[in-house]
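Generate a structure from the sequence data that follows.
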Amino acid sequence: MVMLDDKGQAINKAYNLLDRRAKKEVDWVRDKIGEKKIFDLTGNRLEDHPILVNLLWERNNRPGSFKKIKKIYTIDSFIKYRLTGTSNINHSQGAYYGIAYGIRDNVFDQEILDYLDYFFYYMNFLLQYHYFLYLLIR
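Numbers count the residues shown, from 1 in each chain. Got it, this is the predicted structure:
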């Protein structure tokens, strides 16, 4: 995960799948949302490396940095952004966002997003792109 500010500059270092700092956030998600619900939606077990879980860690541990976030990318989307200047994502990257992305219908679960309450502000570009894709393929 790469977090950018409003000038397109990276905030802190990028996360990778080996980053395991969000253990408390996993416990919070387990208690508030539930492992079964996450598994039924995502097809994955609850882990501490999906982007949404790491954003919870950022919000809880680095609120100053968290408030600066304007865009969030997977590492490959960040490279595409730097090379082309355009933001994009595809359905295969949805699983990296983790706990709210439904693999069966390729949409984010509104109930979980509402519960997390920060998602729309920071991921608005992703949702607009996703809706555009939905309109193209339906």
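
Run through the helices of this structure in chain order.
Secondary structure of the chain (DSSP state H): helices at 23-32, 35-42, 51-61, 63-68, 75-84, 94-97, 110-116, 119-137.

Rebuild those helices as a markdown table, extending it with distance to Lys13, mean neighbour count and mean pLDDT.
No exception for glycine: its C-beta is placed from N, CA and C like everyone else's. Shown next, in a markdown table, are the helices of the chain (distance: least, CB to CB, whole Å; neighbours: other CB atoms under 10 Å; pLDDT from 0 to 100):
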| stretch | distance to Lys13 | mean neighbour count | mean pLDDT |
| --- | --- | --- | --- |
| helix 23-32 | 18 | 15 | 89 |
| helix 35-42 | 26 | 16 | 90 |
| helix 51-61 | 12 | 20 | 85 |
| helix 63-68 | 11 | 13 | 89 |
| helix 75-84 | 11 | 14 | 88 |
| helix 94-97 | 17 | 19 | 72 |
| helix 110-116 | 23 | 15 | 78 |
| helix 119-137 | 18 | 14 | 48 |
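
For Ile112, see how far away the closest residue to Asn12 other than its chain neighbours is.
Closest residue in space to Asn12, ignoring its immediate chain neighbours: Ser65 at 5.8 Å, by CB to CB, 6 or more residues apart in numbering. Distance from Ser65 to Ile112, counting by CB to CB, to the nearest Å: 23 Å.

How about Ala95?
The gap separating Ala95 from Ile112 is 14 Å, by CB to CB.

can I assume Phe66 is in contact with Arg59?
Yes - Phe66 is within contact range of Arg59, at 4.7 Å (criterion: CB atoms under 8 Å).
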